[in-house]
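Chemist: have a look; sequence and predicted model below, questions after that.
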Amino acid sequence: MSTQHANEDAETPTEETVGWRTKLRYILNSDFVRSAPYWGIPFLLMGIAVYGGIGYNLAISFTDYAGLSRPTFGSFDFEMYRRALGNEAFRRAAINNFVLLVSFTGVSLGLGLFLAVLLDHGIRFKEKVQTVYLLPMALSFVVTAQLWLWMYNQENGVLTVIMEAFGLEPINWLGNPDVALAAVIFALVWQFSGYAMVVYLAGLQSIPADQFEAAKVDGAGTLRTYARIIIPQLKESSVSAAVVLMVFALKAFTFLYALVGQYRPPNGTDILATLMVRQAFKFGKWAYGAAIATMLLLLALGVIAPYLYYQHRKGSL
């Protein structure tokens, strides 16, 4: 009899066992686990292809890998990073990257805000102007580069024809290191200022109309109303547009390669992305190129991370 009671007590689940089984059943029946077959494989592939590639690139940057044999990971050092920071071409590319990032973003924001204010104020042909300025963003970097390559042509480009009509000497826009970077920035501003215009226009249209009426009653003119009341409320629009534009500036490799890729050596428009590709694929310095790519990644994170933290503090993430 005692043996039967002992067996029954052993088979009776304890409260702890019941709780554990309930939690396991809840986890297995959750939407996260049940949907795993649908998102698990893409997530795994993305992890291998993207984050695995980033990790492998980081590991390569600490070696002396030259692409002719398998990399040796026996001894890691920062030699490639020291070589990059002490190289004049790297410093020049980093400066160009910074100038491109700041100038392109600042001018695009300023021009976009100006156009948005004009459209919001109700100028004539509002829809046509909005379409014309937004259309270039629909073009790819390669198409835009080919368009401006034709316009910058020193022999028969549009700008050359216009300058000759005014009796001016044609300028070698893409071959002169003193003006080549400015020419690149101007072309990028032409393509993306329409994006900033749309973002600002959406922000302007979200501001209540009674603020304009109140300012008018107080005797404030249009310029003062926008400067003192309306534009300060566009902080969110400015931050969002600036981050997107800076990301586009960091992705300008395709545009630069299509526009000035025919010039060798670089003509004053070299940025970290073009320097990295040239060092790795042209000269076979894979470890050096990987170190430049890693620093470019850190630069991109320096742009994105503050924005994500800002959105997190707001509760948007």
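Modeler: Yep, that arrived.
Chemist: can you map out the helices along the stretch 1-150 of the chain?
Modeler: Using DSSP state H, counting those that start in this stretch, the helices of the stretch 1-150 of the chain run over 2-11, 15-28, 31-34, 36-46, 52-61, 79-85, 88-120, 126-134, 141-151.
Chemist: wait, Arg92 sits on Asp270?
Modeler: Yes - look at Arg92 against Asp270 with CB atoms under 8 Å: they come within range, at 6.5 Å. For the C-beta atoms, the positions are set from N, CA and C on the backbone; glycine is no exception.
Chemist: neighbour count: these two, which is higher?
Modeler: Of the pair Arg92 and Asp270, Asp270 is the one with more neighbours under other CB atoms under 10 Å, namely 25 against 15.
Chemist: helix, strand or coil for that one?
Modeler: coil (DSSP: H, G, I helix; E, B strand; the rest coil).
Chemist: residues contacting it?
Modeler: Asp270 makes contact with Ala89, Arg92, Ala93, Asn96, according to CB atoms under 8 Å, 6 or more residues apart in numbering.
Chemist: again, but for Thr294
Modeler: Asn57, Leu58, Ser61.
Chemist: emit the ChimeraX select command for whichever of the contacts of Asp270 are buried.
Modeler: Selection of buried members from those for ChimeraX, criterion 16 or more other CB atoms under 10 Å:
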select :93,96
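Chemist: can you tell me the element the most centrally placed residue in the chain falls in?
Modeler: Geometric centre of the chain, nearest residue: Val247, 1.4 Å, by CA atoms, centre = their mean. In this structure, Val247 sits in helix 235-250 according to DSSP states H and E.
Chemist: coming back round to it: out of the helices of the stretch 1-150 of the chain, which comes closest to Ser237?
Modeler: Across the helices of the stretch 1-150 of the chain, Ser237 has its closest neighbour in helix 88-120 (8.7 Å, CB to CB).
Chemist: just to revisit the earlier point, for the residue nearest to the centre of the chain, which non-adjacent residue is closest in space?
Modeler: Val303 (6.7 Å; CB to CB, 6 or more residues apart in numbering).
Chemist: pLDDT of whichever strand or helix holds that neighbour, averaged?
Modeler: Using DSSP H and E, Val303 sits within helix 286-314. Mean pLDDT, helix 286-314: 87.
Chemist: what's the weakest-modelled helix or strand in the chain?
Modeler: Lowest by mean pLDDT, DSSP states H and E among the helices and strands of the chain is helix 2-11, with a mean of 50.
Chemist: now the closest residue to Tyr65 other than its chain neighbours. Its backbone dihedrals?
Modeler: The shortest distance from Tyr65 to any non-neighbouring residue, by CB to CB, 6+ apart, is to Pro71 (3.9 Å). The phi/psi pair for Pro71 (degrees, to the nearest 10) reads phi -70, psi 150.
Chemist: I'd like the numbering to begin with 43 instead of 1 from here.
Modeler: All right, first residue 43 from here; so that's Pro113.
Chemist: what's the burial count for Pro113?
Modeler: Counted with other CB under 10 Å, residues neighbouring Pro113 total 17.
Chemist: can you pull the contacts of it?
Modeler: Contacts of Pro113 (CB under 8 Å, 6+ apart): Ala101, Ile102, Thr105, Tyr107, Ala329.
Chemist: now do Leu317
Modeler: Taking CB under 8 Å, 6+ apart as the test, what Leu317 contacts is Ala131, Phe132, Ala135, Pro308, Ile334.
Chemist: correct me, but the last one touches Leu314?
Modeler: Yes - in this structure, Ile334 sits in contact with Leu314. The criterion is CB under 8 Å, and the distance is 5.8 Å.
Chemist: Ala283 and Met239, how far apart?
Modeler: 9 Å (CB to CB, to the nearest Å).
Chemist: what residues do these two have in common as contacts?
Modeler: Common contact partners of Ala283 and Met239 (CB under 8 Å, 6+ apart): Gly154.
Chemist: can you show me the CA trace of stretch 177-185 as PDB?
Modeler: Output in PDB follows, covering the C-alpha atoms of stretch 177-185 (Å, rounded to 0.1, in the frame of the first residue of the first chain):
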ATOM      1  CA  LEU A 177      11.100  64.500 -60.500                       C
ATOM      2  CA  PRO A 178      15.000  64.400 -60.300                       C
ATOM      3  CA  MET A 179      14.800  62.200 -57.200                       C
ATOM      4  CA  ALA A 180      13.000  59.500 -59.200                       C
ATOM      5  CA  LEU A 181      16.200  59.200 -61.300                       C
ATOM      6  CA  SER A 182      18.900  56.700 -60.400                       C
ATOM      7  CA  PHE A 183      22.500  57.900 -59.600                       C
ATOM      8  CA  VAL A 184      23.700  56.500 -62.900                       C
ATOM      9  CA  VAL A 185      21.100  58.400 -65.000                       C
END
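Chemist: higher neighbour count, Ile334 and Leu314?
Modeler: Remark: of Ile334 and Leu314, Ile334 carries more neighbours, 26 against 21, as counted by other CB under 10 Å.
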